[in-house]
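Colleague: sequence unavailable; structure follows:
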């Protein structure tokens, strides 16, 4: 009888979710535009259609800026955007209205937050803080108080730091050394671990893989970090990184696993895996080659890379991705499971946004702007998940975990809403 009620509950939930999900899609997409052209734009996509390809200008009456690089939601009322060549971190409401702009972090790159502060990586060598101007030989990470929008502190990491993630009180920063071809230093191979409270580097994990470049995805304690290599003799690779192992003091080799795949554009799935589109470029041939993989970080680390790599994308997603002219981003809405990707085309004209259902059914292709790259899904009800809410009788005590579409989940993703024992809970 217990199993009957559980199955009935899950079926009803899945039916209700399937009917409502499409109308719950609220996606902000950053279009980078062309570097130094000051033509970055923001697309707002809702209910299966592009509402606007200049959403920020619509809301504020002026341009977004030059080359937006990243976007994150801090709390119910605040979103941060790093705008690299404009040298600002722009703060907006979920309705798109500008709140403030922090101008003390030049050449800013990627963002992370703990809900109280925003942390931003920078290629620059100077940072204006409440302590005064700080200077660095290499790159740094700045800490911005979202109550004042002032930089409270900063700390030096490696040259040209890129991806940044927050986990359990620590920041994890992927260093690239990407200017090695033009400056007097080598490529970097390290992930810097920072105590977020003190803004002190507590260790450097050497991955022995150069140029840890781009946005990295996070699935709980695991990170997916791309390395494009040197575009000549060192091939592209992916680093699956274990933040918990690094905090616990395991040796460097115990903190990561290298994979012989590129993950140029990657995202986290609702069951805690990573989707990765790998784009390899060679200056020898002036050509790109691609790989498309699904990575299970726990299996990859447990098997030392022998397991946990597949191509089992749902529905037509894989075939559709392979048909893109130039893939430029991939994303899964963490609240609904809908899948998105972008096509940059020629890099000089309007790109495209593609959408699939969680089951991989292709739903449409939409014209956006130049170099569409960075995504943020807004919560369907306007609020970030928090707390635990009972939504079914206590007798549904099965410990099997399901997502909101009634699909069984083996690896729940922190921050995602699931059903267990007939109750809704937030995975921590």
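Modeller: All right, it came through fine. It should be emphasised that the depicted structure is a prediction, and the values quoted were computed from it without experimental measurement.

Colleague: can you pull out the helices in the stretch 1-150 of the chain?
Modeller: Taking DSSP state H, counting those that start in this stretch, the helices of the stretch 1-150 of the chain run over residues 2-24, 55-60.

Colleague: and for the stretch 251-400 of the chain?
Modeller: So, for the stretch 251-400 of the chain - with DSSP H, counting those that start in this stretch - the helices run 297-302, 317-322.

Colleague: to residue 35, which of those lies closest?
Modeller: Of all the helices of the stretch 251-400 of the chain, it is helix 317-322 that lies closest to residue 35, at 25.3 Å by CB to CB. For glycine as for every other residue, the C-beta is placed from the backbone atoms N, C-alpha and C.

Colleague: give me the below-cutoff pLDDT ranges for this structure.
Modeller: Low-confidence segments of the chain (pLDDT under 70): 1-23, 386-400, 402-426, 428.

Colleague: mind doing that once more with 50?
Modeller: 1-2, 4-6, 8-23, 387-397, 404-407 (pLDDT under 50).

Colleague: nearest the middle, which residue of it would you pick?
Modeller: Closest residue to the average C-alpha location of the chain: residue 217 at 4.5 Å, with CA atoms, centre = their mean.

Colleague: looks like that one contacts residue 224 (just checking).
Modeller: Yes: in this structure, residue 217 is within contact of residue 224 by CB atoms under 8 Å, at 4.5 Å.

Colleague: between those two, which contacts overlap?
Modeller: Here residue 217 and residue 224 share the contacting residues 266, 268, 274, scored by CB atoms under 8 Å, 6 or more residues apart in numbering.

Colleague: in strands, which of those residues appear?
Modeller: 266, 268, 274 (DSSP state E).

Colleague: from residue 231, how far off is the residue nearest to residue 289 when sequence neighbours are not counted?
Modeller: Distance criterion CB to CB, 6 or more residues apart in numbering; nearest residue to residue 289, sequence neighbours excluded, is residue 280 at 4.8 Å. Distance, residue 280 to residue 231, by CB to CB, to the nearest Å: 9 Å.

Colleague: then residue 296?
Modeller: Residue 296 sits 29 Å away from residue 231, going by CB to CB.

Colleague: mind checking which of these two has more residues around it?
Modeller: residue 296 (23 against 15; other CB atoms under 10 Å).

Colleague: could I get the contacting residues of the more buried one?
Modeller: Counting by CB under 8 Å, 6+ apart, residue 296 makes contact with 272, 273, 307, 308, 309, 310, 411.

Colleague: correct me if wrong: residue 142 contacts residue 120.
Modeller: Yes: with contact defined as CB under 8 Å, residue 142 reaches residue 120; the gap is 5.2 Å.

Colleague: next one: stretch 167-174 to chain centre, how far?
Modeller: 14 Å (CA atoms, centre = their mean, to the nearest Å).

Colleague: nope, stretch 142-162 is what I was after
Modeller: So, by CA atoms, centre = their mean, the centroid of stretch 142-162 is 19 Å from its chain's centroid.

Colleague: can you pull the buried residues of that stretch?
Modeller: 142-144, 146, 149, 151, 153-162 (16 or more other CB atoms under 10 Å).

Colleague: and if you look at stretch 91-106?
Modeller: So for stretch 91-106, counting by 16+ other CB under 10 Å, buried means 91, 92, 94, 96, 98, 100, 101, 102, 104, 105, 106.

Colleague: same question, stretch 345-358
Modeller: Quick answer for stretch 345-358 (16+ other CB under 10 Å): 345, 351, 352, 353, 354, 355, 356, 357, 358.

Colleague: ditto for stretch 302-315
Modeller: For stretch 302-315, using 16+ other CB under 10 Å, the buried residues are 305, 308, 309, 313, 314.

Colleague: residues contacting residue 204?
Modeller: Contacts of residue 204 by CB under 8 Å, 6+ apart are 158, 190, 191, 192, 193.

Colleague: let's see it at 7 Å
Modeller: Shown in contact with residue 204 (CB atoms under 7 Å, 6 or more residues apart in numbering): 190, 192.

Colleague: returning to what we had before: need the winner for burial among the helices of the stretch 251-400 of the chain.
Modeller: Comparing the helices of the stretch 251-400 of the chain by mean neighbour count (mean count of other CB atoms under 10 Å), helix 297-302 ranks first with a mean of 20.

Colleague: for that helix, name the packing helices and strands.
Modeller: strand 237-242, strand 256-259 (3 or more CB pairs under 7 Å, 6 or more residues apart in numbering; DSSP states H and E).

Colleague: got CSV for those strands, with mean neighbour count and distance to residue 167 too?
Modeller: Converted to CSV, those look like this (neighbours: other CB atoms under 10 Å; distance: least, CB to CB, whole Å):
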stretch, mean neighbour count, distance to residue 167
strand 237-242, 25, 10
strand 256-259, 21, 14
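
Colleague: can you give me the buried ones in stretch 58-69?
Modeller: 59, 63, 64, 65, 66, 67, 68, 69.

Colleague: from residue 213, how far out is the closest residue to the fourth one other than its chain neighbours?
Modeller: What that stands for is residue 65. Among residues not flanking residue 65 along the chain, residue 86 sits closest, at 3.5 Å (CB to CB, 6+ apart). For residue 86, the distance to residue 213 equals 21 Å [CB to CB].

Colleague: higher neighbour count, the two?
Modeller: Legend: neighbour count by other CB under 10 Å for residue 86 and residue 213, higher for residue 213 (24 against 20).

Colleague: give me phi/psi at the more buried one?
Modeller: Main-chain torsions, residue 213, degrees, to the nearest 10: phi -110, psi 140.
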